[in-house]
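Novice: the following comprises the amino acid sequence and a computationally predicted model.
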Amino acid sequence: MENLNDLKTIWLCADITGLPNADEVIKAIKKYRYTKLVKSVALVLYFLASVALFAWVVFHYRPTLLSTRMGEGCIIADFLILIITNITTVNRYYKYKDLSNKEFIGFLEHTRVRQKFYRTKTQVVVFILLMIGEYLCQLELVYKSAVLCIIVYSCTTVFFLIIWLIIRPWAIKKQSAKLDKTIQKMKDISKQL
């Protein structure tokens, strides 16, 4: 019985100031879901507006080279892939309204898997289509001057290299760290509860 009394004493003396209450956990889950939902909806609206503007340009601009039309097709396909990807994200976040801690951790783990797939497959395809589209569209503007062609394509290549080699890895690292931090925080909360 003495061990039971010691256990009771330890239990009653435990510091519970750092433990979150259930309302804080629910607020954190809802805030995360709402933030991601708003960002995804904003991206869908942005891409829809962009594709509408680009479609208007396509129909009002009369190119002389077929390569320009092919480039425009690549860019529109690019926008459509991004719209579909973000609509599936909106549906995914909208569908999960009330989740327990374990379900939310599972949801976040699935989000991590989806992000990895997006970065390794979808983002690569989108980037390649955008690059091809840009190069083909620019050909119409610079094909008559070799010097201008070299300058424009060099600048475009440097731009794409900066995006792919500097900005993209930085963004991936930042997003991964944020998601890992959220998952770890939710796991810690689940262990405490």
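Specialist: Noted; the coordinates are in hand. Numbers count the residues shown, from 1 in each chain.

Novice: need the three-state assignment for Pro63.
Specialist: The three-state assignment at Pro63 reads coil, by DSSP: H, G, I helix; E, B strand; the rest coil.

Novice: for the residue lying closest to it once chain neighbours are set aside, what are its contacts?
Specialist: Closest residue to Pro63 apart from its sequence neighbours, by C-beta to C-beta, 6 or more residues apart in numbering: Glu140 at 5.3 Å. (C-beta placed from N, C-alpha, C; glycine too.) Shown in contact with Glu140 (C-beta atoms under 8 Å, 6 or more residues apart in numbering): Pro63, Thr64, Leu65, Ser67, Thr68.

Novice: of those, grab the buried ones for PyMOL.
Specialist: To isolate the buried subset of these in PyMOL, counting by 16 or more other C-beta atoms under 10 Å, use the following:
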select buried, resi 63+67+68
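
Novice: how far does stretch 84-94 sit from the chain's center?
Specialist: Chain-centre distance of stretch 84-94: 11 Å, with C-alpha atoms, centre = their mean, to the nearest Å.

Novice: can you check stretch 24-44 too?
Specialist: The chain centre lies 13 Å from the centre of stretch 24-44; the measure is C-alpha atoms, centre = their mean.

Novice: what does that stretch contact?
Specialist: Stretch 24-44 is contacted by residues 82-83, 86-87, 89-90, 93-94, 96-97, 99, 101, 104, 182, 185-186, 189, 193 when judged by C-beta under 8 Å, 6+ apart.

Novice: in that stretch, which residues are buried?
Specialist: Val25, Ala28, Ile29, Tyr32, Arg33, Ser40, Val41, Leu43, Val44.

Novice: for the residues you listed, which one is nearest Leu148?
Specialist: Leu43 (34.4 Å; C-beta to C-beta).

Novice: ok, that closest one to Thr35 distance?
Specialist: Going from Leu43 to Thr35 by C-beta to C-beta, to the nearest Å gives 13 Å.
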